[in-house]
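>>> coords please:
(one chain, ligands or ions: 1)
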Amino acid sequence: MPTLNGRKALITGASRGIGRAIAEAFAREGAALALIATALEKTNETAQRCKEIGAPKVMQFALDVRSSAECDRVIKEATAGLDGIDIVVNNAGVTKDNLLMRLTDQDYDAVLDTNLRGAFNITRAACRPLMKSKAGRLINIASVVGMTGNAGQANYAASKGGLIAFTKSVAKELSGRGVTANVIAPGFIETDMTAGLDPKVKEGVLKEILLGRLGKPEDIAAAAAYLASDAAGYITAQVLVVDGGLTA
Ligand code: NAP
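Here you go, the predicted model:
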């Protein structure tokens, strides 16, 4: 039996990488989808794949999650179009790495605005439909560096650490309405975000991963599908680390 039959899910950053894999996993489990990226055509391929998999409905939206007014508009349209929203995945994220002394105001703000403010914008706008749902689920994609920190990523680590604290707060606020809120903290996953990294850095990371391989977007998607399902109905305010043992 598909585990998300009849559920409606909204996913940010659904054009590629982890967001696309989550969309496909949810489609496989029978969910209707609202897919978000910065331009409409960027979600075309994900939407096509999800339809082929058998998603009952797929909507696409162009949205910069940094704009709260735009988030309000898109959440309204998605709620109307899908007849409710049961699952929200805040996955959109960016990196702008640099050592602290060289980190510019612009690069600090850009990462915080997208990764943390963006999740806030979407979550606040989606509160009402989530509370109306019989099984509301908030799933925020953070990172292990939100717990461990990382040299050269002070802005990114701060955004992901903030996202973890934000999610736990939402879990406490919305628990009375049956909404769960959890974080997935991926380790090193092979996507566009990590494609440009120095091969030597990758090799170094690989040595630290107990399971001996870099992560795939599907590894994160499987965790998201679980947290979205009824099987995870008694799990809230948690951080699920999916890193192959990198931080063990
Ligand atoms: P990716 O391949 O670079 O994809 C990033 C996604 O975020 C794209 O869909 C992009 O949309 C979207 N996005 C970026 N800025 C946006 C904005 N302002 N408004 C709306 N959408 C925006 O990244 P990924 O590796 O799949 O990462 C997905 C999430 O996992 C991120 O939050 C990332 O921090 C987290 N994560 C990744 C790793 C890893 O190793 N890859 C590890 C830990 C955590 P466009 O296509 O329109 O630009």
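
>>> tell me which parts of this structure are close to the ligand?
Applying CB under 6 Å from any ligand atom, we find that the chain lies next to the ligand at 12-13, 15-19, 37-39, 42, 63-66, 91-94, 114, 118, 141, 143, 186, 188-189, 191-194. (Each C-beta comes from the backbone N, C-alpha and C, glycine too.)

>>> Can you tell me which of the residues you listed end up in helices?
If you go by DSSP state H, those have G17, I18, G19, G118, D192, M193, T194 in helices.

>>> How much space separates the residue nearest the centre of the chain from I184?
Closest to where the C-alpha atoms of the chain average out (CA atoms, centre = their mean) is N91, at 2.2 Å. Taking CB to CB, to the nearest Å as the measure, N91 falls 9 Å from I184.

>>> For the two, list the residues in contact with both.
Residues touching both N91 and I184 by CB atoms under 8 Å, 6 or more residues apart in numbering: I141.

>>> what's the neighbour count on N44?
By the criterion of other CB atoms under 10 Å, N44 has 14 neighbours.

>>> Oh, that last question was meant for L211, not what I typed.
Neighbourhood size, L211 [other CB under 10 Å]: 13.

>>> repeat for I235
Using other CB under 10 Å: I235 sits among 14 other residues.

>>> so it makes contact with N182?
Yes - counting by CB atoms under 8 Å, N182 is a contact partner of I235 at 6.2 Å.

>>> what touches both of the two?
Joint contacts of I235 and N182 (CB under 8 Å, 6+ apart) are L227.

>>> Where does A110 fall, secondary structure wise?
helix 105-112 (DSSP states H and E).

>>> And that helix, how far out from the chain middle?
Centroid displacement of helix 105-112 relative to its chain, using CA atoms, centre = their mean, to the nearest Å, is 19 Å.

>>> Which elements pack onto that helix?
Secondary-structure packing of helix 105-112 (3 or more CB pairs under 8 Å, 6 or more residues apart in numbering; DSSP states H and E): helix 154-174.

>>> So which bits of the helix it packs on are buried?
Within helix 154-174, the residues scored as buried using 16 or more other CB atoms under 10 Å are 154-164, 166-168, 170-171, 174.

>>> swap in stretch 183-199?
Buried positions in stretch 183-199, judged by neighbour count with 16+ other CB under 10 Å: V183, I184, A185, P186, G187, F188, I189, T191, M193, T194.

>>> can you check stretch 121-128 too?
For stretch 121-128, a neighbour-count test (16+ other CB under 10 Å) marks N121, I122, T123, A125, A126, C127 as buried.

>>> packing partners for the strand or helix carrying the second one?
This means I122. Using DSSP H and E, the element containing I122 is helix 118-132. Packing partners of helix 118-132 (3+ CB pairs under 8 Å, 6+ apart): strand 8-12, helix 68-82, strand 87-90, strand 137-141, helix 154-174.

>>> repeat that with 7 Å
Here helix 118-132 touches helix 68-82, strand 87-90, strand 137-141, helix 154-174, going by 3 or more CB pairs under 7 Å, 6 or more residues apart in numbering; DSSP states H and E.

>>> Outside of the third one itself, list whatever touches it.
The list of residues contacting strand 137-141 from outside it, by CB atoms under 7 Å, 6 or more residues apart in numbering, reads 18, 86-91, 93, 119, 123, 130, 163, 167, 170, 179-184, 186, 224, 227-228.

>>> Swap in 6 Å and give it another go.
87-91, 119, 163, 167, 180-184, 224, 227-228 (CB atoms under 6 Å, 6 or more residues apart in numbering).

>>> Pick the one among those closest to the ligand.
Of all those, N91 has the smallest distance to the ligand: 4.8 Å, by CB to the nearest ligand atom.

>>> Having no further points to raise, I will conclude here.
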